[in-house]
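> Need a 3D model of the sequence below.
(2 chains)
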Amino acid sequence: MDDEALLDRCRRGDRDAFTPLVHRYQDELYTMALRLTGNPADAADVVQETFTRAFRSLPKLRGATVRAWLFRVAVNCAHDVHRQRTRRPTDPLEDEEGRVLDLPDPGLGPEATALQRERADAVRQALLTLPHDFRVAVVLRDVNQLSYEEMAEALSVPLGTVKSRISRARTLLAVALRGSAAVFPTAEEAW
Amino acid sequence: MVSDHVEGLFSAAYDGELTGDARVAFDRHLAECSACAAAFAQLTTAVDALRELGPARMPRPVRLPEGAPIPQRRLVHLPARPSWGRGLVAGLTAAGMVAVAGGIAAVVIVTRPNSGVVSRSSASYAEGGGALPAGAANVPGVESPATCAGGVCPQAVTAPESTPTPVPELAPACPSSLDTSAAAAAQPPAGFSNRITHDDGGTTVVIATQAASFTPGGTVYIYARVIDDATGAVYVPCTDLAGPETGPSGGSQAASGVHTPATPVAGVSVSGVPVLEVVVPRTAASGQIFDVVIEGPSGVGEVQPQQVSLSIEVT
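Modelled structure (predicted):
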């Protein structure tokens, strides 16, 4: 059943119709929130709050796709969390219950696994240095792979603004990673 | 040295958006310019590394509120107000209702049976601008003081549900037009972090509050704007605080009961244009949900107003 059909059932007060939407989008939203906040517990809170708000408001949704709208709510929630909390980032590989979230490639040896993890850590840290709007742009585009149009809908900004934010964000990300030997093994020679 | 122009093409090139002659010219330039080629390679590597992070899994189950999703509501009991169509845009413009700092709008507080919702009396607002309400200074981007536009603050009225008091068309209560750009109006100030933007294809509605949760008796500052997409005209819309939500059937009843328009202009503005405010009922209980509701806009000729709302929670 597609999103619109489920939404129609939600509008008629059908609680069961909401659950498939949760299952369909919770991981996508969690991934986005994790990259935006850098903190698994905060990211899980963002997803919880997103669906709580959605449960109350989604039946009233008009003129937007469910997916884009959920991303919009999640971005706002992530922004709230970012503003309200100064939690020290925990190890992004584990959630608060200690379960591994970003599994390393089992085909890699110990050294390659360590390098991969170092590279991922560098990217995560670089992401957190980006201004919020740019971080959102690059995460939606390059982590969640939203189209330009979906991003415009999710962020309520014109298409041109979406493209310029992505462009600026990628440039800032590259700048932030300049010193990372894990990402640019020949960084010293290149820069 | 990488020129801004070429750097501005990197992202589009990465996404494959540069095609035809533009792509040929871009590739030709990179072949001739080692600095640009290196910079593009670094951007590509950085973005590739980001994409390699891959997906994560939500580590705990999502808990949904009790009851059923709240069905869409219709504000069938609200007092008659000017329609939100483009005709109103023209009408207001023709009537010379020029946007001014501290323009007038109204917060309508909906009192439902059993809801216990109360409103802040307009009498607390001094004509010509009073003291800054406590807490306003905590809202970034909010300035003070401002005055009620035209020196007249709308008076609170009570309209029984069965006999709604019509608001005269073009009355200075709401909506009021603003002389500001659509682009500026679409972006709430930084302090208004709890926000929603809804575009029905013809009109954009922006609602924002400084937080998503409030204590009983707390003041909710509301940034509310309606933008006519076609003309770029901007309004402060008629805004309600409805609630609390009472469950599956509560939504449909949220707009019933007494409607008490109150003065939104409390000597507070954002860049010279008004902020609405409403006080969360002191009787509100933790966990209750209220909705900041914008009535309208609807397209020309539509009978039922479209409703846009932003939820806040009582803590």
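> Is there a neighbour count for residue A:19? I'd like the number.
Counted by other Cβ atoms under 10 Å in any protein chain shown, the residues lying close to residue A:19 total 13. (Glycine included, C-beta is placed from N, CA and C.)
> how about it, what does it touch?
residue B:64 (Cβ atoms under 8 Å, 6 or more residues apart in numbering or on different chains).
> Is chain B within reach of stretch A:39-52?
Yes. Judged by Cβ under 8 Å from any Cβ of the partner chain, stretch A:39-52 and chain B are in contact via A:40, A:43, A:44, A:47, A:48, A:49, A:51, A:52.
> domains for chain B, by residue range?
B:4-51, B:86-314 (automatic domain parsing).
> which stretch in those is the model least sure about?
Among these, domain B:86-314 carries the lowest mean pLDDT, at a mean of 54.
> coming back round to it: the residues of stretch A:39-52 next to chain B, buried ones only, as a ChimeraX selection?
The buried residues among those can be selected in ChimeraX (16 or more other Cβ atoms under 10 Å in any protein chain shown) with this line:
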select /A:40,43,44,47,48,49,51,52
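> out of the residues of stretch A:39-52 next to chain B, which are inside helices?
A:40, A:43, A:44, A:47, A:48, A:49, A:51, A:52 (DSSP state H).
> is it true that the second one touches residue A:34?
Yes. With contact defined as Cβ atoms under 8 Å, residue A:43 and residue A:34 form a contacting pair (4.0 Å).
> ok, which stretches of the stretch 201-315 of chain B are strands?
Using DSSP state E, counting those that start in this stretch, the strands found in the stretch 201-315 of chain B span residues B:203-209, B:213-214, B:219-228, B:234-236, B:239-242, B:258-262, B:269-270, B:273-274, B:276-279, B:289-295, B:307-314.
> got the angle between the first one and strand B:289-295?
So the one you mean is strand B:203-209. 150 degrees (axes from the mean of the first three to the mean of the last three Cα atoms, to 10 degrees).
> Which residues does strand B:203-209 contact?
Applying Cβ under 8 Å, 6+ apart, the set of residues contacting strand B:203-209 from outside is A:156, B:84, B:182, B:185-186, B:188-189, B:192-199, B:220-229, B:237, B:239, B:292, B:294, B:297, B:299, B:308-310, B:312.
> Buried ones in the helix or strand harbouring residue A:72, by neighbour count?
Assigned by DSSP states H and E, residue A:72 belongs to helix A:66-84. By 16+ other Cβ under 10 Å, the buried positions in helix A:66-84 come out as A:66-82.
> Now the residue most central in space within chain A: closest residue in space that isn't a chain neighbour?
Chain A has residue A:32 as the residue nearest its centroid, 1.0 Å off, counting by Cα atoms, centre = their mean. Once flanking residues are discounted, residue A:32 sits nearest to residue A:144: 5.3 Å by Cβ to Cβ, 6 or more residues apart in numbering or on different chains.
> Present the ones in helices among the residues of stretch A:39-52 next to chain B as a markdown table; the columns should include pLDDT.
Below are those laid out as a markdown table (pLDDT from 0 to 100):
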| residue | pLDDT |
| --- | --- |
| A:40 | 89 |
| A:43 | 92 |
| A:44 | 92 |
| A:47 | 94 |
| A:48 | 93 |
| A:49 | 89 |
| A:51 | 90 |
| A:52 | 87 |
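> Just flag the most distant two among those.
The most widely separated members of these, counting by Cβ to Cβ, are A:40 and A:52 (18.6 Å).
> So what's the residue count around residue A:112?
As a burial measure, residue A:112 scores 12 neighbours (other Cβ under 10 Å).
> What does the pLDDT read for it?
As summarised for this prediction, residue A:112 has a pLDDT of 73.
> which secondary structure element contains it?
Counting by DSSP H and E, residue A:112 is found in helix A:110-129.
> If you count contacts, what does that helix end up packed against?
Here helix A:110-129 touches helix A:18-37, helix A:132-138, helix A:159-176, helix B:34-51, going by 3 or more Cβ pairs under 8 Å, 6 or more residues apart in numbering or on different chains; DSSP states H and E.
> nearest to residue A:112, of the ones you listed?
Among those, the nearest to residue A:112 by Cβ to Cβ is helix B:34-51 (14.7 Å).
> I'd like the ones in helices among the residues of stretch A:39-52 next to chain B written out as a markdown table, with distance to residue B:58 added.
Below are these laid out as a markdown table (distance: Cβ to Cβ, whole Å):
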| residue | distance to residue B:58 |
| --- | --- |
| A:40 | 10 |
| A:43 | 8 |
| A:44 | 7 |
| A:47 | 6 |
| A:48 | 9 |
| A:49 | 13 |
| A:51 | 10 |
| A:52 | 14 |
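> Among the residues you listed, which one sits closest to residue B:8?
Proximity of these to residue B:8 (Cβ to Cβ) peaks at residue A:43, which lies at 32.0 Å.
> so who does the closest one touch?
The contact partners of residue A:43, taken as Cβ under 8 Å, 6+ apart, are A:30, A:33, A:34, A:36, A:37, A:78, B:56.
> Which one of those residues is nearest to residue A:172?
residue A:36 (14.8 Å).
> quick one: that closest one from chain B, how far?
Counting by Cβ to the nearest Cβ, to the nearest Å, the gap from residue A:36 to chain B is 12 Å.
> one step back: mind checking which of the contacts of strand B:203-209 are buried?
With neighbours counted by 16+ other Cβ under 10 Å, the contacts of strand B:203-209 contain buried members at A:156, B:84, B:185-186, B:188-189, B:192-199, B:220-228, B:237, B:239, B:292, B:294, B:297, B:308-310, B:312.
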